[in-house]
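> Got a predicted model here, sequence first, then my questions.
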Amino acid sequence: MRPAPILRRLARDTRGAMLVETAIVAPVLILLSLGAFQVSTLVARQSELQSAAAEAEAIALASAPDTAEKMTTLQQVVMASTGLTAEQVAISNTYRCNAASSFVASKTGCAADARVSTYLRLQIQDTYTPTWTQFGVGSPIQFNVVRFVLVSQGSNT
């Protein structure tokens with residue numbers, strides 16, 4: 001047989017073309033689907049943490065956590081709604097002197113005649129490890145949600 005007729009016959013033969021096309025496209029579609037699933041899980045977790053912070057903010061505004069017991073209860077509410085541990089949920093008081101843009105750790109950091117605003121600082125930390133990290137692509141993703149809730153204002157005296 002001559003080479004030209006064989007090539008023409010192979011060019012007209014479409015049997016198996018769908019199998020070859022599927023073998024090329026299927027892995028790409030599967031990877032895109034898995035990636036979309038992982039990203040949606042990531043976005044859902046971020047939304048869940050933001051919702052827990054908003055819930056804690058609403059509770060703090062309804063009843064100011066002015067005692068250690070109330071702060072512990074608030075921390076436990078956030079832990080229960082997110083499934084996190086006490087090391088991942090931190091609640092503390094922080095203060096702002098007059099109209100300053102920065103916070104101080106205690107009221108004594110403000111001048112004696114300053115107007116002191118008391119804030120509740122809520123910090124939620126979590127780590128999400130996507131599936132693709134098992135294949136050496138990327139790294140775990142750190143979540144760090146921080147909220148400041150104004151609970152009172154007054155003088156430093």
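Sure thing, it's come through.

> mind checking the SS state of Ile30?
helix (DSSP: H, G, I helix; E, B strand; the rest coil).

> quick one: it from Phe135, how far?
Distance, Ile30 to Phe135, using CB to CB, to the nearest Å: 13 Å. For the C-beta atoms, the positions are set from N, CA and C on the backbone; glycine is no exception.

> okay, those two: which has more neighbours?
Ile30 (10 against 7; other CB atoms under 10 Å).

> For that one, give me the pLDDT.
Listed pLDDT for Ile30 reads 91.

> How far does stretch 6-15 sit from its chain's centre?
Its chain's average C-alpha position is 55 Å from that of stretch 6-15, according to CA atoms, centre = their mean, to the nearest Å.

> I should have written stretch 136-143 there, sorry.
Worked out by CA atoms, centre = their mean, stretch 136-143 lies 12 Å from the chain centre.

> try stretch 7-19
Distance, centroid of stretch 7-19 to centroid of chain: 51 Å (CA atoms, centre = their mean).

> average pLDDT across that stretch?
Here the average pLDDT along stretch 7-19 is 75.

> right, and Arg147 touches Ala56 too?
Yes. The criterion here is CB atoms under 8 Å, and Arg147 meets it with Ala56 at 7.3 Å.

> Pro130 contacts Leu42, doesn't it?
Yes. With contacts counted by CB under 8 Å, Pro130 reaches Leu42, the gap being 7.0 Å.

> ok, back up a step: can you pick out the residue with more neighbours from Arg147 and Ala56?
Set Arg147 next to Ala56 and count neighbours by other CB under 10 Å: Ala56 wins out with 24 against 18.
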